[in-house]
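Enquirer: any chance you can model this:
(chains A and B)
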Amino acid sequence: AQRVTQPEKLLSVFKGAPVELKCNYSYSGSPELFWYVQYSRQRLQLLLRHISRESIKGFTADLNKGETSFHLKKPFAQEEDSAMYYCALSPMNTGFQKLVFGTGTRLLVSP
Amino acid sequence: DTGVSQNPRHKITKRGQNVTFRCDPISEHNRLYWYRQTLGQGPEFLTYFQNEAQLEKSRLLSDRFSAERPKGSFSTLEIQRTEQGDSAMYLCASSRGAGLAGGSYEQYFGPGTRLTVT
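Expert: Residues are numbered from 1 along each chain as shown, chains lettered A, B, ... in the order given. The predicted structure is shown next:
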């Protein structure tokens, strides 16, 4: 079975502090991993995916297959980063992209 | 707005009534997905269409739920004999087809339809 675990419901940091949102997954095959973000009163949108290896809005995430983790990191948090963050997994090579989401972590960045 | 749209945005219904939601995907997207999100949870996959063909259904989708995409464009999700447990946000997403090397295209989400069953 595919499962995504985000252990923290809420992460509260001050502006300028480093941020790490944890994500662990369980899947027997090769997954594709994503981070989605939902800002207040906006729709869910893709932040980044492990395949592209991009840094978006200063966020990065590295897939660690040994630890089955895909933690999201940012060295210096900004107030505009406050949002709900969801880690998601999709099995590769299945012909479609079913997303399995974690329960989400709310990031609150205070001034 | 050329993004994914969903109607209605909110629906309040009494237990036992039938409800239908509509999703209009981004026009060039041939894949359409439905998810359900309950309070405190992430979205849960319900079903998926490739053009007009429904190719995958979650076990979450009981026989009271039915989804269609008759012409491969918009989709409807119907819930018959609603129950209080059906109260949730219903999300629709669309994407292009499979990318190269087994990867996939980004899913674009709609704003959702919030269902409240009283």
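Enquirer: can you name the residue of chain B nearest chain A?
Expert: With distances taken as Cβ to the nearest Cβ, chain B approaches chain A most closely at residue B:42, which sits 3.1 Å away. To be clear about C-beta, it is placed using only N, CA and C from the backbone, and glycine gets the same treatment.
Enquirer: need the three-state assignment for that residue.
Expert: Secondary structure for residue B:42, judged by DSSP: H, G, I helix; E, B strand; the rest coil, is coil.
Enquirer: OK, contacts around it?
Expert: Contact criterion Cβ atoms under 8 Å, 6 or more residues apart in numbering or on different chains gives A:4, A:86, A:88, A:101-104 as the residues in contact with residue B:42.
Enquirer: give the contact list for residue 72.
Expert: No chain was given, so I picked chain A. Remark: with contacts taken as Cβ under 8 Å, 6+ apart, residue A:72 is in contact with A:19-21, A:23, A:35, A:47-48, A:59-61, A:85, A:87.
Enquirer: um, chain B though
Expert: In this structure, residue B:72 makes contact with B:30, B:49, B:51-52, judged by Cβ under 8 Å, 6+ apart.
Enquirer: so can I have CSV of the contacts of residue B:42 showing distance to chain B, pLDDT and neighbour count?
Expert: Listed next are those as CSV, based on distance: Cβ to the nearest Cβ, whole Å; pLDDT from 0 to 100; neighbours: other Cβ atoms under 10 Å in any protein chain shown:
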residue, distance to chain B, pLDDT, neighbour count
A:4, 8, 96, 24
A:86, 5, 98, 25
A:88, 8, 95, 27
A:101, 3, 96, 21
A:102, 5, 97, 25
A:103, 5, 97, 15
A:104, 5, 98, 25
